[in-house]
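Student: show me how the following folds:
(one chain, ligands or ions: 2)
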Amino acid sequence: LKRCRKKGEVSVTHLKRYSLISRLEAVMGEFSQRGAGLVQPVRSVVPLQKHGGFLGLMPAYLAHEDILCTKMVAFYQREQGSSLPTTQATVLLFDPVSGVVSAVMDGEVITARRTAAVSAISAKLLMPRHAEILCLLGSGHQAVSHYEVFTQAFTFKEVRVWSRSKERAEEFARAAGGPVTVCPSVKEAVEGADVIVTATNASEPLLFGKWVKSGAHVAAVGACRPDWRELDDDLMRDAVVYVDSREGAAAESGDVILSGAEVFAELGEMINGSMPAQRDKTTVFKSLGMGIQDAVSAKLVYDKWKSQQ
Ligand SMILES: NC(=O)c1ccc[n+]([C@@H]2O[C@H](COP(=O)([O-])OP(=O)(O)OC[C@H]3O[C@@H](n4cnc5c(N)ncnc54)[C@H](O)[C@@H]3O)[C@@H](O)[C@H]2O)c1
Ligand SMILES: O=C(O)[C@@H]1CCCCN1
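Tutor: Ligands and ions are numbered 1, 2, ... in the order given. Model prediction:
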């Protein structure tokens, strides 16, 4: 077993953003073609009722690159102020010939980076052409990775953050690599924003369609259970809705299921040209996370690490 060294040490240095974004773009496009070369069942989720948590199992096999991987991820609703992490992931990479585990990797950085990179692909295709204002709702791991990836991939005139904890939002702004405006309310944070990332553990809507500028793009990464929401019905029904996986959204997205919104297309269908990017409309990319994203990310890390041994 090749054990990943200090948490995050290997992944951060090895997930160079451009190779990661291009690999993810390719695999999402391939996924939406539903060819035989890619096997990814919908995530299995084991509810841990009495602990307010879930264990997700995310296997994937990419035949062309011969990548066999599974991520195990424990995720929880935590009380405000809890010091426990809400998401803890471990990634296993296998030798597909022998079935032997090639590497056991900490999944924290892989999860943070690949999620933000996929959101950046949706923004590249769907945000207004002259987007100026980025708004982050949430100040946790996903908000940080989205800030890092989005400010590296795009140029915004203004970046705003809102968190239910003002202190955490201020801490986020202090630690960010550039100027970030801390907003006291979601309404003020999203007003006039061109790109809105919702990265919270909310289970009830916190982003309302009436506040969202026409033509804006919303990358919604939270609310990954069928009864969790971040977005209200108006936004889900008025926007053009894209998802990472139709099956995943139908099984897990409370924003899609409870609003009854129509899913217009998968991100991968836009990437491979089978569905249009309706950039001039208000758009939502509902992201739930996919094992194939972890697989290509883990393989990038492993190959880079191996080349340095
Ligand atoms: N789409 C994906 O691929 C993907 C990947 C990883 C995590 N996630 C999801 O993204 C969300 C954020 O993950 P994270 O790792 O950043 O978590 P985190 O715990 O690091 O941050 C969560 C943020 O949400 C805020 N929050 C918590 N409860 C809230 C509420 N009721 N209302 C408003 N804000 C609230 C917290 O204050 C914090 O700022 C989680 O729901 C997680 O399951 C999605
Ligand atoms: O795809 C992921 O990594 C996350 C795990 C937590 C629940 C939402 N999806």
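Student: show me what contacts the residue of the stretch 151-300 of the chain found nearest ligand 2?
Tutor: For the stretch 151-300 of the chain, the residue closest to ligand 2 is residue 289, as judged by Cβ to the nearest ligand atom, at 1.8 Å. The way it works is simple: take the backbone N, C-alpha and C, and place the C-beta from them, glycine included. By Cβ atoms under 8 Å, 6 or more residues apart in numbering, the residues touching residue 289 are 43, 58, 111, 115, 221, 224, 244, 248.
Student: for these, which one is nearest residue 285?
Tutor: Among those, residue 244 lies closest to residue 285 (Cβ to Cβ), at 7.8 Å.
Student: does that closest one touch residue 290 like I think?
Tutor: Yes: counting by Cβ atoms under 8 Å, residue 244 does reach residue 290; the two are 5.6 Å apart.
Student: got the phi/psi numbers for residue 229?
Tutor: phi -130, psi 150 (degrees, to the nearest 10).
Student: ok, residue 126 next?
Tutor: According to degrees, to the nearest 10, residue 126 has phi -120, psi -20.
Student: excluding chain neighbours, what is closest to residue 213?
Tutor: residue 192 (5.6 Å; Cβ to Cβ, 6 or more residues apart in numbering).
Student: contacts for stretch 129-137, please.
Tutor: 123, 143, 146-147, 150-151, 154, 156-163, 172, 183, 186, 189-190, 192-200, 206-207, 217, 230, 279.
Student: buried ones among those residues?
Tutor: Taking 16 or more other Cβ atoms under 10 Å as the criterion, what is buried in the contacts of stretch 129-137 is 123, 143, 146-147, 150-151, 156, 159-163, 172, 183, 186, 189-190, 193-200, 206-207, 217, 230, 279.
Student: residue 307 and residue 109: what is the separation?
Tutor: From residue 307 across to residue 109, the span is 19 Å (Cβ to Cβ, to the nearest Å).
Student: just checking: which of the buried ones among the contacts of stretch 129-137 also lie near ligand 1?
Tutor: By Cβ under 6 Å from any ligand atom, the members of the buried ones among the contacts of stretch 129-137 lying near ligand 1 are 143, 163, 199, 200, 206.
Student: and the fourth one, what's its pLDDT?
Tutor: Think residue 200. Looking at residue 200, its pLDDT is 98.
Student: residues in contact with it?
Tutor: Counted by Cβ under 8 Å, 6+ apart, residue 200 has contacts 137, 138, 140, 164, 206, 222, 230.
Student: what would these look like in JSON lines with pLDDT?
Tutor: Below are the contacts of residue 200 laid out as JSON lines (pLDDT from 0 to 100):
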{"residue": "137", "pLDDT": "98"}
{"residue": "138", "pLDDT": "98"}
{"residue": "140", "pLDDT": "97"}
{"residue": "164", "pLDDT": "96"}
{"residue": "206", "pLDDT": "98"}
{"residue": "222", "pLDDT": "98"}
{"residue": "230", "pLDDT": "98"}
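Student: for the residue of the stretch 51-200 of the chain found nearest ligand 1, which non-adjacent residue is spatially closest?
Tutor: Ligand 1 sits closest to residue 140 of the stretch 51-200 of the chain, with a gap of 2.0 Å, by Cβ to the nearest ligand atom. Nearest residue to residue 140, sequence neighbours excluded (Cβ to Cβ, 6+ apart): residue 199, at 6.7 Å.
Student: how near is the one you found to residue 147?
Tutor: Relative to residue 147, and taking Cβ to Cβ, residue 199 is found at 10 Å.
Student: swap in residue 283?
Tutor: For residue 283 relative to residue 147 (Cβ to Cβ), the value is 20 Å.
Student: any idea which element residue 75 lies in?
Tutor: For residue 75, the enclosing helix or strand under DSSP states H and E is strand 67-76.
Student: mind giving me the packing neighbours of the helix or strand that that strand is followed by?
Tutor: Using DSSP H and E, the helix or strand that follows strand 67-76 in sequence is strand 87-94. Counting contacts by 3 or more Cβ pairs under 8 Å, 6 or more residues apart in numbering; DSSP states H and E, strand 87-94 is packed against strand 67-76, strand 101-106, helix 108-126, helix 291-307.
Student: could you dump the ones you listed to a markdown table with mean pLDDT?
Tutor: Shown next, in a markdown table, are the helices and strands packed on strand 87-94 (pLDDT from 0 to 100):
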| stretch | mean pLDDT |
| --- | --- |
| strand 67-76 | 98 |
| strand 101-106 | 97 |
| helix 108-126 | 98 |
| helix 291-307 | 96 |
